[in-house]
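[1] kindly return the folded structure for what I paste below:
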Amino acid sequence: MSLYPLIAAFFVLAFASLVTNMLRIRGGEHSSEAFGSGTLAGAGSFRCDTCGYAVALQERDELPACPHCSGGRFRRSSIFAGDAPAPSGDHGVEHPSWLEDIRDSLDGEGLHMAWEDGEVRTLRLAEGWTRIGRSLSADVRFDDPTVSRRHALMHRDGLKARVLDDRSLNGVFINGDRVDWHELEDGDEIAIGRFRLHFLRVSGAPGATAAEEEMGEAVR
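    Residues are numbered from 1 along each chain as shown. Reported below is the predicted structural model:
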């Protein structure tokens with residue numbers, strides 16, 4: 001008796017089982033292990049059980065509370081989780097109390113970014129590209145699981161600047177709205193993961209020097 005029919009039947013059943021499991025995962029029926037905030041879950045991408053917000057962990061990172069909804073349960077992202085809901089940008093825009101003081105303290109005309117990361121920092125945008133992300137090669141680096149290694153790009157061309165999403169997990173939000181790219185206006189808030197950056201167009205004394213155009217100038 002030939003074994004070929006039995007082998008063929010085995011592969012048909014195995015393929016059918018694989019397809020069924022794939023469809024269940026796509027439909028959200030797959031009960032992957034849940035992890036609570038504060039635990040070491042290993043490297044990879046995880047999504048909040050409540051709102052779908054994604055975090056990207058390195059090997060020794062602890063899962064944070066969800067920055068979007070404060071949820072405490074995450075599941076490892078599946079390769080089939082491309083349809084997971086993206087968090088909305090309905091957090092609203094509230095300018096921090098320190099922003100106008102920072103604006104007043106900036107010397108000379110220019111395009112600036114200001115944000116708070118333990119302390120208030122500012123950056124005068126140089127001509128060309130500025131890379132924002134978690135990577136060590138980023139010009140503006142946020143070592144935080146809500147920020148992708150390559151999260152966003154900013155481009156200055158004379159008196160204009162725009163921001164582009166660099167294929168990030170959580171996206172880039174301008175004044176609460178998710179964008180692929182956006183030409184920036186004075187006072188715009190840019191959400192990068194859990195961080196809020198503020199774009200400032202400063203009009204002051206003319207004649208800014210080349211040294212003042214260097215990136216990385218910080219206000220403490």
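
[2] Asp101 in helix, strand or coil?
    Three-state assignment for Asp101 (DSSP: H, G, I helix; E, B strand; the rest coil): helix.

[3] is it true that Met154 lies in a strand?
    Yes. Met154 sits within a strand when classified using three-state DSSP.

[4] nearest residue to it other than its sequence neighbours?
    Nearest residue to Met154, sequence neighbours excluded (C-beta to C-beta, 6 or more residues apart in numbering): Thr130, at 4.3 Å. From N, CA and C alone the C-beta is placed, and that goes for glycine too.

[5] could you pull up the residues touching the one you found?
    For Thr130, the contact set (C-beta atoms under 8 Å, 6 or more residues apart in numbering) comprises Leu123, Asp139, Val140, Leu153, Met154, His155, Arg156, Met215.

[6] among those residues, who's most crowded?
    Met154 (24 neighbours; other C-beta atoms under 10 Å).

[7] my guess is that residue contacts Arg162. True?
    Yes. With contact defined as C-beta atoms under 8 Å, Met154 reaches Arg162; the gap is 7.2 Å.

[8] which parts of this structure are helices?
    Ranges of helices within the chain are 4-26, 99-105, based on DSSP state H.

[9] okay, now Leu200: neighbour count?
    21.

[10] show me what contacts it?
    Leu99, Ile102, Arg103, Leu106, Leu111, His112, Met113, Ala114, Asp186, Gly187.

[11] list the contacts of the spatially closest residue to the fourth one that is not a sequence neighbour.
    In space, not counting the residues next to it along the chain, Leu106 is nearest to Val202; the distance is 4.9 Å by C-beta to C-beta, 6+ apart. Taking C-beta under 8 Å, 6+ apart as the definition of contact, the neighbours of Val202 are Arg103, Leu106, Gly108, Glu109, Gly110, Leu111, His112.
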